[in-house]
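1. sequence isn't available, so here's the structure alone:
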């Protein structure tokens, strides 16, 4: 970064750090026949909201104080003649015991609103009520409500298990499970696959089956099997997602974030300044080798033909092609002593499987007989590569805190530029961007923290590679302003 930013007027970021607007926290009674509802908006102390690509559902928690005079109830006198009015707490009067439907709505200071309720088919439900110690003798009591979506709870309910036989593209099967088995009415963001699979649900739970299918999926458009595979299944406030690792790594970034310890405003080319940041190198060499992240041997026997398959995969050679989409420039460099040798005798992980020839073919008898000689699932080209790809993730991790930004979601990409540390003052306020750790990252975990005083968004950012590589259809790279 040169001197190009000094003559530019910085934009004011302080307005985004002010408290967001809590618009609605309504709890509806779960009692049979009751239409009672109570708002705890006035007593709310804190709201937390989470999303993660490693989580099947969004989650939220609400901490509130109940003064004990929220609801009015009527009770008969001992002689049963006159009802007497009495003020009681929301917890006692509704009552709040678990499974109550909750409408939750809040907006950030840029006008982005997250709205959970019946209108959007995304109501939250009380999974657990926790009574919190008050530390005093007043009548006020504090509670924390653990909130979860309907599907997260019904996933455990009888009658929602995956029992049928499925055939065809994995993406089509994922859609059928969400719509027909889990019976969700939410929007679906399902990336088309280039891998078919015949399988029986075997009475498994929907979320379990969807995550299992994710490990067997190859994205549409892949020209050469055996180089990349693996999907994620997760939920955000707007939809369920079923998308490939490579699509997530290659997608356009949503915003550009700068972190340094300067007190100036946001330089041109960026949309946010991180308030705090922690970086972590997640490359544990022994662990990565143990799990076969970079070299993996696949051995199988075809029970139909007796054919023996022995294939060795080198992640560094595969990444040099155009099928694998890296967020950065290159996979972590390993010492030459750990590289795969040309004679194919050295590898760090070996997988054994029986080939899936003849497994669960569907259709007419003649078609089944013909297809019985074909692989149902190509473990060497899909299972093995998915395992390698999953283990290549989390090579680099950055955790940052921003002023509340509800437009961000788990699964989005952002650019984070991290200046090199000024060795004289040990501060990240220099003009030179660290080209190794800066660049595009994927939001793996997100938490919105909302109180009456503060609103923050905490992001856990990951990527599979190192080196700053920023390409976009949004226009100029922010680095263009500093050259």
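-> Received it, and whenever you're ready, just let me know what you need. Note that this is a predicted model, so its numbers are computed, not measured.
2. roughly how far does the residue lying closest to residue 94 once chain neighbours are set aside sit from residue 96?
-> Nearest non-adjacent residue to residue 94, counting by C-beta to C-beta, 6 or more residues apart in numbering: residue 29, 5.0 Å away. Bear in mind the C-beta positions are built from the backbone N, C-alpha and C, glycine included. Per C-beta to C-beta, to the nearest Å, residue 29 is found 9 Å from residue 96.
3. same question, residue 257
-> To residue 96, residue 257 is 39 Å away according to C-beta to C-beta.
4. residue boundaries of the helices in this structure?
-> Ranges of helices in the chain, per DSSP state H, are 90-93, 150-154, 170-176, 206-214, 245-250, 285-290, 315-319, 365-371, 384-392.
5. deepest of those, which one?
-> helix 384-392 (a mean of 23; mean count of other C-beta atoms under 10 Å).
6. which other helices and strands does the longest strand anywhere in the chain contact?
-> Counting residues, the longest strand found in the chain (DSSP state E) is strand 439-451. With contacts taken as 3 or more C-beta pairs under 8 Å, 6 or more residues apart in numbering; DSSP states H and E, strand 439-451 sits against strand 44-52, strand 413-417, strand 455-463.
7. want to throw the ones you listed into a markdown table with mean neighbour count, distance to residue 192 and mean pLDDT?
-> As requested, the helices and strands packed on strand 439-451 are arranged in a markdown table below (neighbours: other C-beta atoms under 10 Å; distance: least, C-beta to C-beta, whole Å; pLDDT from 0 to 100):
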| stretch | mean neighbour count | distance to residue 192 | mean pLDDT |
| --- | --- | --- | --- |
| strand 44-52 | 19 | 23 | 97 |
| strand 413-417 | 24 | 20 | 96 |
| strand 455-463 | 23 | 24 | 96 |
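8. nearest to residue 327, out of these?
-> strand 455-463 (3.8 Å; C-beta to C-beta).
9. quick one on the thing from earlier: ok, residue 257 and residue 96, which is more surrounded?
-> Between residue 257 and residue 96, counted using other C-beta atoms under 10 Å, residue 257 has the larger neighbour count: 26 against 22.
10. run through the chain and note the low-pLDDT ranges.
-> Filtered on pLDDT under 70, the chain yields the residue ranges 1-17, 68-86, 135-139, 263, 340-346, 421-431, 472-483.
11. bridging residues for residue 314?
-> Taking DSSP bridges as the rule, residue 314 bridges to residue 295.
12. from what I see, it and residue 297 are in contact.
-> No: under the criterion of C-beta atoms under 8 Å, residue 314 makes no contact with residue 297, lying 10.4 Å away.
13. hang on, residue 281 packs against residue 396?
-> Yes: using C-beta under 8 Å, residue 281 is in contact with residue 396, at 6.3 Å.
14. just give the closest residue to residue 316, not the sequence neighbours.
-> Leaving aside its chain neighbours, residue 316 sits nearest to residue 331 (6.1 Å; criterion: C-beta to C-beta, 6+ apart).
15. and that neighbour, what does it touch?
-> 294, 315-316, 319, 392, 395, 464-466 (C-beta atoms under 8 Å, 6 or more residues apart in numbering).
16. so which of those residues comes closest to residue 158?
-> residue 392 (38.7 Å).
17. that closest one: what's it in contact with?
-> Counting by C-beta under 8 Å, 6+ apart, residue 392 touches 293-294, 315, 331, 464-465.
18. please apply the same query to residue 379.
-> So residue 379 contacts 298, 300, 351, 353, 355-356 (C-beta under 8 Å, 6+ apart).
19. and the buried ones among those residues, selectable in ChimeraX?
-> Applying 16 or more other C-beta atoms under 10 Å to the contacts of residue 379, the buried members can be selected in ChimeraX as follows:
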select :298,300,351,355,356
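20. tell me the strands beside the longest strand of the chain, with direction?
-> Sheet pairing here is set by DSSP bridges, and for strand 439-451 it gives strand 44-52 (antiparallel), strand 413-417 (antiparallel), strand 455-463 (antiparallel).
21. got the buried residues for it?
-> Residues 439-451 are the ones in strand 439-451 that count as buried (16+ other C-beta under 10 Å).
22. farthest pair within those?
-> 439 and 451 (32.6 Å).
23. return the set of residues that bridge with residue 375.
-> Beta-bridge partners of residue 375, as defined by DSSP bridges: residue 357.
24. residue 101 too?
-> Judged by DSSP bridges, the bridge partners of residue 101 are residue 28, residue 125.
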